Every structure is written in C-alpha cells, then in structure tokens.
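# Next comes the sequence, and after it the predicted model I'd like to discuss.
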Amino acid sequence: MPWRSASYVPPAWRYQFTILTPTYNRAHTLQRVYESLCEQTFQDFEWVVVDDGSTDHTKKRIQQWQQEALFPIHYVWQPNQHKKAAFNRGVRMAQGELVVALDSDDSLEANALYDMARTWKEIPQKERERFVAVTGLCKTPEGNIVGDMYPYDVLDANPLDIQFKFGVTGEKFGCLSTAVLQRFPFPENIEGFVPESLVWRSMARAGYLTRFVNQVYRVYHDSSDSLSRQGKNNAATHALGLWLLAYDTVVDSLPWFHYKPVAFIKAGMRYTRFALHMRDQSIARPHGYRLHGLGAIALVVATAPFGLLLFLRDKLHMGGRPSDADRKRVA
C-alpha cells in the first residue's frame, strides 16, 4: 500500500491548510471567498490563488487584499490552461499539510477550518497515512443541505464506496492531504475538462480512505461560469472528459458493479454516447485507454444501442439533424 513505504518521510509543513482557489475572470465573486477566509476562527492557513489567464481586474483585487489580510496570500498568473493545470500548480506551491480547494465563487462556514482540523487530528496518528481526506457537506445560501447526507455521522470509506455502495449523491466538500495530492496530479496531457472524480477514484483504488462526516463546511453558490462547473454544461463540448469518466466506471470500477448495477448500465450507455461525440469531432482517444476485460466489453456492447440513441438525441437538442453517417449507425 502507498502509505507503507519505509523510505517515506513526511514533509515539514508550514501551515495546517492551504486554501487553493483556481480562478478565471472571477474578480466579481472573489470578494465572497476572501471575506469568508477573514471570518475563519482557525487562522493557520495560507491562500493560494492561481489565475488561469484572467483578463479582468483579479490581480488588482488580490494585491489590495495582500496588503490588508492577516493571513498570507500568494497569487500567480498563468496563460489559460484549464482548471486542472491551475489546480496542479497550486498543489505544487502548497505549504499546508492539507489542501482546501475552494472555488472562486463559494465561501466557507466560519468554523469550517477549525472543524476540519479537529476531525483530521481525531484520526489516530498511526492510521493517518492511510487517509487522504476529510469530507463533509455543502449547503445552499438559503441553508439547505446539497444532496444526500452520509448514512453515519462519521464514516471511513472511499468515494467509490460512497457513490456505489451507499448511494450518496450531491456536492460534497472538505480537505485533502497535500502529500497525497502531489502524487496524484490531474492529467495535463488530456485536453479540456477532466472530471475531478477520476483523481479521487484513483486514490481510492490505491487504498486511501476518506473520513466522511455529516457536517457542513461550505456554502455552495451554483454558478454556471465557474471553472469547476464548466465541464458539466455541454455533452458535446466536454465529450472527452465525460467519456473518460464512463471509461473509468465500466473498466476500472467494475468491482463495485454488484452494489449498483443500474449506475454501471448507464455508464455503459454514456461510454458509447460520448465516444460517438468524440468521433463526430475527430477527437482521438488518449493513449492507454483501451476497452478490456470481459465484463467491461460485455457491458459496453449490451448498452451500445441505447448510447447511440442518446447521442442522436444530443444532436437533435443541439439544433442539428442526424447526418447520413449517424443514420447508418442506427441501421
């Protein structure tokens, strides 16, 4: 297991937390993030803002806050490379033991960092290297819990268990081990949107656990133009990332099939749906992503006709008519 390496020496961290905010033209919402950090009852943190090519006045606002904040603020600008590259850069810069990835339009509960630190330290020291995260809940600005609560107030599991075994859905939030994040970066060789869950699932399959708690940490402001939401808005535009998630489900996550077969059947349909969008746009499949395993192949083949229908529905909703090639696929 990755935490049992005898040669591994934990880094000496400067802070308990690094608050990491990738941003792009969000100067009008960053004030909310900044104010929520100023209100934290636990102040052992730094704020790292990675600006992914903004052309608004983000830099000017950050420079103003750097002069007045009681906590260190680090700002770096880079040419637009998408959120995954901005996130990876922030993780490399991090000097906190734990990373809190806070979107550029959201805010934390006043006691969020205090409660996360307490929950992390409640994990016995000799077991802590097995854990990658503490994850709690989100609420809307009106105070409603987003999605499902966990079946137990404290649950040690992994994201695959949470999704398929326990069936918990909805936006969740917490902190992650910087040391583990540095060993599991987002793949920057894949263009465009890459679902965050691909990284969390890789950690789960490597044996890392998360402590899930029924405690609200974040106020979730749903904004369609924020970096983390951009990949959820258009099936055709983000076909590659959505296909990668379907691939991960039907190929690498198949051991969880018996918990929630319907979810895997739907993933099989999405595999074909987004593969057809990729073919339609001449997007090549990334190297190394080959469909393999009898179970995965059978699942994709059995659900392919339904995936094709979903693809044709997408085309109609986008205002286009099926091409001759599309009609041949139906035949």
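Looks like it came in fine. As the structure is a computational prediction, the values presented were derived from the model and not from experiment. Numbers count the residues shown, from 1 in each chain.

# At which residues are the strands of the stretch 201-331 of the chain located?
Remark: strands of the stretch 201-331 of the chain, listed N- to C-terminal, are 209-219; assignment by DSSP state E, counting those that start in this stretch.

# Which parts of it are helices?
In the stretch 201-331 of the chain, the segments counted as helices under DSSP state H, counting those that start in this stretch are 239-247, 261-280, 294-317, 324-330.

# Quick one: mean pLDDT over the last one.
So the one you mean is helix 324-330. Mean pLDDT, helix 324-330: 41.

# circling back to that earlier point, highest average neighbour count across the helices of the stretch 201-331 of the chain?
helix 239-247 (a mean of 23; mean count of other C-beta atoms under 10 Å). From N, CA and C alone the C-beta is placed, and that goes for glycine too.

# hmm, back to that, could you save the helices of the stretch 201-331 of the chain as CSV and add columns showing distance to residue 213?
Below are these laid out as CSV (distance: least, C-beta to C-beta, whole Å):
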stretch, distance to residue 213
helix 239-247, 26
helix 261-280, 24
helix 294-317, 34
helix 324-330, 47
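
# Kindly report which one of those carries the lowest mean pLDDT.
The stretch with the lowest mean pLDDT among the helices of the stretch 201-331 of the chain is helix 324-330, at a mean of 41.

# Could you tell me how far the most centrally placed residue in the chain is located from residue 144?
When the chain is reduced to its mean C-alpha position, the nearest residue by C-alpha atoms, centre = their mean turns out to be residue 196, at 2.7 Å. The span separating residue 196 from residue 144 equals 23 Å under the rule C-beta to C-beta, to the nearest Å.

# With residue 257 instead?
With distances taken as C-beta to C-beta, residue 257 is found 33 Å from residue 144.

# cool, residue 90 as well?
Residue 90 sits 30 Å away from residue 144, going by C-beta to C-beta.

# neighbour-wise, which of the two wins?
Between residue 90 and residue 144, residue 90 has the larger neighbour count (other C-beta atoms under 10 Å), namely 22 against 9.

# give me every residue that touches that one.
Under the criterion of C-beta atoms under 8 Å, 6 or more residues apart in numbering, the neighbours of residue 90 are 18, 20-22, 48, 50, 99.

# Quick one: neighbours of residue 117, just the number.
The tally of other residues near residue 117 (other C-beta under 10 Å) stands at 19.

# Next one, pLDDT for it please.
Per-residue confidence for residue 117 comes out at a pLDDT of 98.

# Confirm it sits in a helix?
Yes: assigned with DSSP: H, G, I helix; E, B strand; the rest coil, residue 117 falls within a helix.

# got the contact list for it?
Each residue near residue 117 by C-beta under 8 Å, 6+ apart is listed here: 16-17, 42, 44, 98.

# nearest to residue 75, of those?
residue 17 (17.3 Å; C-beta to C-beta).

# ok, that closest one - how many residues close by?
28.

# Check it and give its pLDDT.
Confidence per residue is given as pLDDT, and for residue 17 that number is 98.

# Distance check, the residue nearest to it when sequence neighbours are not counted against residue 20.
Nearest-residue entry for residue 17: residue 45, 3.8 Å, with adjacent residues in sequence omitted and distances by C-beta to C-beta, 6 or more residues apart in numbering. Plainly put, residue 45 is 10 Å away from residue 20 if you go by C-beta to C-beta.

# Fine by me, thanks again.
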